[in-house]
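>>> can you look at this prediction? I've put the sequence above it.
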Amino acid sequence: MRIAESELIINDDGSVFHLHLKPEELADTVILVGDPGRVDMVSEYFENREFRHQSREFVSVTGTYKGKRMTVLSTGIGTDNIDIVMNELDALANIDFSTREVKQQKRSLNILRIGTSGAIQKDIPLGSFVFSHISVGCDGLMNWYADRDSIALTGIEEAFKQHTNWNRHLPDPYFVRAGQKMIDLFKDCTIKGMTIAASGFYGPQGRVLRMPLAMPDMLETFESFNYEGERVTNFEMEGSAVAGIASHLGHNAGTVCCIIANRHIGTSNPDYKPQVRKLVELALDRLATL
């Protein structure tokens, strides 16, 4: 079936609408970062850089690291941007731009999001690395897609809503497991995480400035939730959409974050960039083995 021009917009130069990447420019291994400035930091480790594109917050570079071709791409903040990024990455990999038809032979990408995060458990130290074995979407994004239960951990979802007395005005949360290949790649060098992907930085993460919260005890109930030994470890803002869309489309994806604050004990590390660089180096070395 031919995909209409209104559904998949292709620029005049043959690149996909938002990312401005062409199909041949996309590597099988993709690193996602939120901050556009972090693309250059990651790609400085590359042995060569084929190009550098920029369109709004979406900056991309493809090159090689230890002989492995990789694309690093910035997403900006939030799962709404991840919806754009993941769908357009899949289109680049699995839709023929000349015919606008889905390819019969599907291409599976290895996608790793590298970010920063705040812990909510007191035993997770600043500077540590948490890999999200499970991502918890409190943003509602995956609820817009059919068959969301096919990729969701519905048992944990129901237990979580009951434990937190989930507010009826909020989107139903969804729990999604990272790709097993990505979990295996990082399980010996990171803390196992069940990570909340919040739809905002302030209220959705329990921060109070001038507006009170709809769930005033949110942090406490999140921290105390336990399902068959799994506990909520940290907050970030993109991982659930990465894991959810990847699971739907057959890609191997996950999120790893450097902990720069601990919400339980009220501490933060504003000088976190050296630790993020260490995480980038670790991630590059592991991804180069795929």
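The structure has been received and is ready for your questions.

>>> now do the strands in the stretch 151-290 of the chain.
Along the stretch 151-290 of the chain, counting by DSSP state E, counting those that start in this stretch, strands occupy 174-177, 191-197, 226-227, 230-231, 234-236, 252-262, 267-268.

>>> to residue 218, which of the ones you listed lies closest?
Evaluated with CB to CB, the strands of the stretch 151-290 of the chain place strand 191-197 nearest to residue 218, the distance being 9.7 Å. Every C-beta, even on glycine, is put in place using the N, C-alpha and C of the backbone.

>>> so what touches that closest one?
79, 117, 124, 128-139, 175, 205, 222, 230-241, 255, 257 (CB atoms under 8 Å, 6 or more residues apart in numbering).

>>> for the residue nearest the centre of the chain, which non-adjacent residue is spatially closest?
Central residue of the chain (CA atoms, centre = their mean): residue 239, 3.1 Å from the mean position. With CB to CB, 6 or more residues apart in numbering as the criterion, residue 239 has its nearest non-adjacent residue at 3.5 Å, and that residue is residue 255.

>>> the lowest-mean-pLDDT helix or strand in the chain - contacts with which helices or strands?
When each helix and strand of the chain is scored by mean pLDDT, DSSP states H and E, strand 267-268 comes last, with a mean of 85. Strand 267-268 sits against strand 252-262, with contacts defined as 3 or more CB pairs under 8 Å, 6 or more residues apart in numbering; DSSP states H and E.

>>> residue 287 and residue 185 touch, don't they?
Yes. Between residue 287 and residue 185 a contact is recorded at 7.5 Å, counting by CB atoms under 8 Å.

>>> how many residues are close by the residue nearest to residue 239?
Residues lying near residue 255 (other CB atoms under 10 Å) number 28.

>>> what sits against residue 97?
Counting by CB under 8 Å, 6+ apart, residue 97 makes contact with 10, 14, 23.

>>> list the contacts for the residue nearest to the centre of the chain?
The contact partners of residue 239, by CB under 8 Å, 6+ apart, come to 113, 115, 132, 135, 195, 197, 254-255, 257.

>>> can you put those residues in a markdown table and add distance to residue 85 and pLDDT?
Below are the contacts of residue 239 laid out as a markdown table (distance: CB to CB, whole Å; pLDDT from 0 to 100):
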| residue | distance to residue 85 | pLDDT |
| --- | --- | --- |
| 113 | 10 | 98 |
| 115 | 13 | 97 |
| 132 | 17 | 98 |
| 135 | 15 | 98 |
| 195 | 18 | 98 |
| 197 | 14 | 97 |
| 254 | 15 | 98 |
| 255 | 13 | 98 |
| 257 | 17 | 98 |
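
>>> good, we can wrap up now.
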